[in-house]
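# sequence first, predicted coordinates after that:
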Amino acid sequence: MKSIVILISGRGSNMVSLADAAANGSLPVRVASVLSSRPDAAGLAAAAARGIPARVVDHRRHADREAFDAALARAIDDCSPDLVVLAGFMRILSDGFVARYAGRLLNIHPSLLPAFPGLHTHRRALEAGVRLHGCTVHFVTPALDHGPIVIQAAVPVIDGDDKERLAARVLAQEHRIYRQAVRWFVEGRLAIVGGRVVLDMEQDGASGLISPRAVERR
Ligand code: GRF
């Protein structure tokens, strides 16, 4: 079975969603380790409660980004994962780190990229008055919140929404599409062609490659 390492910095709800799907057999992966950039991340306890090896690679204990990224890479490589999953990981990664895991490094971002890269996406979406908001899973490239898009989910912005209500609506979709993206990856169905992600449909009895659909198969 393919294995993943999940990188977190905080609450860890995306990590929990993936770990619980792996544990109940609905997602065919082994979560080899959870790594946190912060010692106070709530997700560490959630990982421990599930019996998942969890480690802190504290960014404040490293002199610079390169030293932190090197320590992080050592912790990841100890597990030899097939895929590295960023799930609320709040550090900007060096170009060298991104290159090391090129094609096997996924991130989730709480907006419909390329709209609203960076922080405070829900507040900015409300301020902009968009009627649709959402989330994106993408392969990581050196540019922040940029890279070939695997899957997106859209949610309506409803009159009277505040950023907490909107965030909760988006988060439910984050959990759904991240499970789907990881499933596609470990099934070997994703390829990057010309900077865009294509999904191999042969396992669905179809031939050829099409753009991923926002549909969970199981
Ligand atoms: C999510 O909204 C994710 O998209 C963003 O940070 C948040 C992390 O939430 N990058 P959690 O730690 O997975 O609960």
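Thanks, I have the structure now.

# just checking, D200 touches F185?
No - at 11.2 Å, D200 does not count as touching F185 under the criterion of C-beta atoms under 8 Å. Placement of C-beta: from N, CA and C, glycine included.

# between the two, who's got more neighbours?
F185 (22 against 17; other C-beta atoms under 10 Å).

# wait, is that one part of a strand?
No - under DSSP: H, G, I helix; E, B strand; the rest coil, F185 sits outside any strand and is assigned helix.

# what sits against it?
By C-beta atoms under 8 Å, 6 or more residues apart in numbering, the contact set of F185 is 82-83, 104, 106, 150.

# ok, now how distant is it from the ligand?
Separation of F185 from the ligand (C-beta to the nearest ligand atom, to the nearest Å): 17 Å.

# just G129 next, same as before
Relative to the ligand, and taking C-beta to the nearest ligand atom, G129 is found at 21 Å.

# got the contact list for the one helix or strand G43 maps to?
With secondary structure defined by DSSP states H and E, G43 is part of helix 42-49. Contact partners of helix 42-49, identified using C-beta under 8 Å, 6+ apart, comprise 8, 10-13, 15-16, 19, 34, 36, 53-54, 56, 88.

# in strands, which of those residues appear?
Judged by DSSP state E, the contacts of helix 42-49 include 8, 34, 36, 54, 56 as members of strands.

# so the first one touches V34, yeah?
Yes - taking C-beta under 8 Å as the definition, I8 is a contact partner of V34 at 6.2 Å.

# of the contacts of helix 42-49, buried ones?
Among the contacts of helix 42-49, those buried by neighbour count (16 or more other C-beta atoms under 10 Å) are 8, 10, 12-13, 15-16, 19, 34, 36, 54, 56, 88.

# which of the residues you listed come close to the ligand?
By C-beta under 6 Å from any ligand atom, the members of the buried ones among the contacts of helix 42-49 lying near the ligand are 8, 10, 12-13, 88.

# quick check, nearest of those to L171?
Relative to L171, the closest of those is S13; by C-beta to C-beta it sits at 6.5 Å.

# low pLDDT regions in this protein?
For the chain, residues meeting the criterion pLDDT under 70 lie at 205-218.

# re earlier: can you put the ones next to the ligand among the buried ones among the contacts of helix 42-49 in TSV and add distance to E127?
Below are those laid out as TSV (distance: C-beta to C-beta, whole Å):
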residue	distance to E127
I8	28
G10	23
G12	28
S13	25
G88	22
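
# for those residues, which one is nearest D40?
Nearest to D40 among these: G10, at 8.8 Å, using C-beta to C-beta.

# please name the residues that touch that closest one.
38, 41-43, 88, 90.

# and of the residues you listed, the nearest to H122?
Nearest to H122 among the contacts of G10, with distances taken as C-beta to C-beta, is G88, at 14.0 Å.

# picking that back up, which one of the contacts of F185 is nearest to the ligand?
Nearest to the ligand out of these is L106 (C-beta to the nearest ligand atom; 11.6 Å).

# show me what contacts that closest one?
By C-beta under 8 Å, 6+ apart, the contact set of L106 is 83-86, 137-140, 150, 178, 181-182, 185.

# and for D69?
When contacts are counted by C-beta under 8 Å, 6+ apart, D69 is found next to 93-94, 96-97.

# a strand runs through H133, doesn't it?
Yes - when three-state DSSP is applied, H133 is found to be in a strand.
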